[in-house]
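Undergrad: just need the structure, nothing else, for what follows:
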Amino acid sequence: MTNAIIMNTLTGAVSEYDGFGFHSITPTHAGSALGLYALGGDSDMGLPIVAVVTTGKTLVGGAQKKAIDSVHFGLKGSGTSTLTVTGESASYSYPFPVLPAGVSRAKPGRGIRENYLAFSYSNTDGADFQLDLIEIPVEASKNRKV
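TA: Numbers count the residues shown, from 1 in each chain. I've put the predicted structure just below:
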(Lines give C-alpha, C1' and ligand atoms only; values in the text may rest on other atoms or scores of the structure.)
Protein backbone atom coordinates (compact mmCIF):
# COMPACT_ATOMS: atom_id res chain seq x y z
CA MET A 1 0.00 0.00 0.00
CA THR A 2 1.10 3.54 -0.65
CA ASN A 3 0.19 6.95 0.66
CA ALA A 4 -1.78 9.50 -1.32
CA ILE A 5 -1.49 13.26 -0.97
CA ILE A 6 -4.55 15.20 -2.11
CA MET A 7 -4.89 18.97 -2.54
CA ASN A 8 -8.19 20.84 -2.57
CA THR A 9 -7.68 23.26 -5.48
CA LEU A 10 -10.32 25.67 -4.14
CA THR A 11 -8.87 26.13 -0.63
CA GLY A 12 -5.28 24.91 -0.99
CA ALA A 13 -5.83 22.44 1.89
CA VAL A 14 -3.68 19.31 1.71
CA SER A 15 -4.67 15.87 3.03
CA GLU A 16 -2.64 12.67 3.28
CA TYR A 17 -4.18 9.19 3.21
CA ASP A 18 -2.22 6.19 4.56
CA GLY A 19 -2.49 2.78 2.95
CA PHE A 20 -4.16 4.19 -0.15
CA GLY A 21 -3.55 1.63 -2.89
CA PHE A 22 -5.69 3.26 -5.59
CA HIS A 23 -4.41 4.42 -8.96
CA SER A 24 -7.40 6.57 -9.87
CA ILE A 25 -10.20 8.23 -7.97
CA THR A 26 -13.46 10.11 -8.55
CA PRO A 27 -15.79 11.57 -5.90
CA THR A 28 -17.70 8.25 -5.72
CA HIS A 29 -15.33 5.48 -6.88
CA ALA A 30 -11.65 4.46 -6.79
CA GLY A 31 -9.77 1.92 -8.86
CA SER A 32 -6.70 -0.24 -8.38
CA ALA A 33 -5.18 -3.31 -10.00
CA LEU A 34 -7.51 -5.37 -7.77
CA GLY A 35 -10.75 -3.76 -8.95
CA LEU A 36 -13.22 -0.90 -8.64
CA TYR A 37 -14.35 0.30 -5.20
CA ALA A 38 -17.35 2.43 -4.17
CA LEU A 39 -16.41 5.23 -1.78
CA GLY A 40 -18.80 6.03 1.06
CA GLY A 41 -20.26 4.48 4.16
CA ASP A 42 -19.44 4.51 7.86
CA SER A 43 -16.68 1.90 7.96
CA ASP A 44 -13.58 0.73 6.11
CA MET A 45 -13.84 -3.04 5.66
CA GLY A 46 -15.88 -3.21 8.88
CA LEU A 47 -13.52 -1.03 10.94
CA PRO A 48 -14.29 2.52 12.15
CA ILE A 49 -12.84 5.29 9.97
CA VAL A 50 -10.41 7.12 12.24
CA ALA A 51 -9.32 10.58 11.06
CA VAL A 52 -6.34 12.55 12.33
CA VAL A 53 -5.89 16.30 11.82
CA THR A 54 -2.38 17.55 12.69
CA THR A 55 -0.95 21.06 12.78
CA GLY A 56 2.65 21.62 11.79
CA LYS A 57 5.25 22.06 14.50
CA THR A 58 5.43 25.73 15.20
CA LEU A 59 7.07 28.19 17.56
CA VAL A 60 4.10 29.76 19.33
CA GLY A 61 4.59 33.15 20.96
CA GLY A 62 8.32 33.66 21.43
CA ALA A 63 11.56 31.90 22.32
CA GLN A 64 10.51 31.01 25.87
CA LYS A 65 9.50 27.46 26.75
CA LYS A 66 5.71 27.05 26.77
CA ALA A 67 3.27 25.55 29.23
CA ILE A 68 0.01 24.30 27.75
CA ASP A 69 -2.87 24.31 30.25
CA SER A 70 -5.63 23.30 27.82
CA VAL A 71 -6.48 22.98 24.14
CA HIS A 72 -9.91 24.12 22.91
CA PHE A 73 -11.63 22.61 19.89
CA GLY A 74 -14.43 24.29 17.93
CA LEU A 75 -16.01 20.96 17.16
CA LYS A 76 -19.35 19.36 16.31
CA GLY A 77 -19.65 15.65 16.96
CA SER A 78 -20.08 13.13 19.73
CA GLY A 79 -18.23 10.47 21.67
CA THR A 80 -14.63 10.57 22.77
CA SER A 81 -11.77 12.14 20.84
CA THR A 82 -8.03 12.36 21.40
CA LEU A 83 -5.58 15.28 21.59
CA THR A 84 -1.98 14.40 20.79
CA VAL A 85 0.79 16.89 21.60
CA THR A 86 4.06 16.25 19.75
CA GLY A 87 7.32 17.82 20.84
CA GLU A 88 10.90 17.39 19.70
CA SER A 89 11.35 13.82 20.91
CA ALA A 90 8.04 12.54 22.26
CA SER A 91 4.26 12.53 21.71
CA TYR A 92 1.60 12.50 24.40
CA SER A 93 -2.07 11.55 23.89
CA TYR A 94 -5.06 12.67 25.97
CA PRO A 95 -8.64 11.46 25.49
CA PHE A 96 -11.45 13.98 26.00
CA PRO A 97 -15.25 14.01 25.61
CA VAL A 98 -16.81 15.89 22.69
CA LEU A 99 -19.38 18.25 24.21
CA PRO A 100 -22.68 19.09 22.47
CA ALA A 101 -22.17 22.85 23.05
CA GLY A 102 -19.72 23.02 20.11
CA VAL A 103 -16.56 23.74 22.14
CA SER A 104 -14.64 20.91 23.80
CA ARG A 105 -11.52 21.10 25.95
CA ALA A 106 -8.62 18.70 26.35
CA LYS A 107 -6.21 18.94 29.26
CA PRO A 108 -2.64 17.93 28.35
CA GLY A 109 -0.11 16.88 30.98
CA ARG A 110 1.50 19.61 33.02
CA GLY A 111 5.09 18.53 32.29
CA ILE A 112 5.25 19.57 28.63
CA ARG A 113 7.77 22.41 28.33
CA GLU A 114 8.99 22.91 24.78
CA ASN A 115 9.36 25.61 22.15
CA TYR A 116 8.13 23.81 19.02
CA LEU A 117 4.91 21.81 19.31
CA ALA A 118 2.41 20.17 16.97
CA PHE A 119 -1.18 19.32 17.94
CA SER A 120 -3.40 16.54 16.57
CA TYR A 121 -7.11 15.82 16.80
CA SER A 122 -8.39 12.27 16.30
CA ASN A 123 -11.94 10.90 16.28
CA THR A 124 -11.08 7.88 18.42
CA ASP A 125 -13.99 5.60 17.53
CA GLY A 126 -14.53 6.81 13.98
CA ALA A 127 -17.42 9.10 14.97
CA ASP A 128 -18.60 11.82 12.58
CA PHE A 129 -17.19 15.26 13.36
CA GLN A 130 -16.75 18.76 12.01
CA LEU A 131 -13.60 20.50 13.27
CA ASP A 132 -13.62 24.27 12.80
CA LEU A 133 -10.96 25.51 15.22
CA ILE A 134 -8.02 24.41 17.37
CA GLU A 135 -7.14 27.09 19.93
CA ILE A 136 -4.02 26.72 22.06
CA PRO A 137 -3.67 29.31 24.82
CA VAL A 138 0.00 29.22 25.89
CA GLU A 139 1.79 30.52 28.93
CA ALA A 140 5.42 31.43 28.23
CA SER A 141 8.00 30.89 30.93
CA LYS A 142 9.13 34.20 32.48
CA ASN A 143 12.81 33.44 32.00
CA ARG A 144 13.38 29.95 30.56
CA LYS A 145 14.45 29.78 26.91
CA VAL A 146 16.56 26.62 27.00
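Undergrad: can you give me the domain boundaries for this protein?
TA: Per the record, the chain has its domains at 4-40, 52-140, by automatic domain parsing.
Undergrad: so which residue is dead centre in the chain?
TA: Val53 (2.2 Å; Cα atoms, centre = their mean).
Undergrad: can you pull the contacts of Pro108?
TA: Contact analysis of Pro108 by Cβ atoms under 8 Å, 6 or more residues apart in numbering lists 68, 70-71, 83, 85, 92, 94. Every C-beta, even on glycine, is put in place using the N, C-alpha and C of the backbone.
Undergrad: so of those, which ones are in strands?
TA: Those of the contacts of Pro108 mapping onto strands are 68, 71, 83, 85, 92, 94, per DSSP state E.
Undergrad: isn't the second one right up against Val138?
TA: No: under the criterion of Cβ atoms under 8 Å, Val71 lies out of contact with Val138, with a separation of 10.0 Å.
Undergrad: higher neighbour count, those two?
TA: The residue with more neighbours, out of Val71 and Val138, is Val71; 20 against 14, by other Cβ atoms under 10 Å.
Undergrad: and the pLDDT for that one?
TA: According to the prediction, Val71 has pLDDT 94.
Undergrad: check Arg144 too.
TA: Arg144 is assigned 60 on the pLDDT scale.
Undergrad: and what of Pro27?
TA: Predicted confidence (pLDDT) for Pro27: 81.
Undergrad: ok, it - contacts?
TA: Neighbouring residues of Pro27 by Cβ under 8 Å, 6+ apart: Leu39.
Undergrad: okay, and the helix or strand of the protein with the least pLDDT?
TA: When each helix and strand of the chain is scored by mean pLDDT, DSSP states H and E, strand 138-140 comes last, with a mean of 71.
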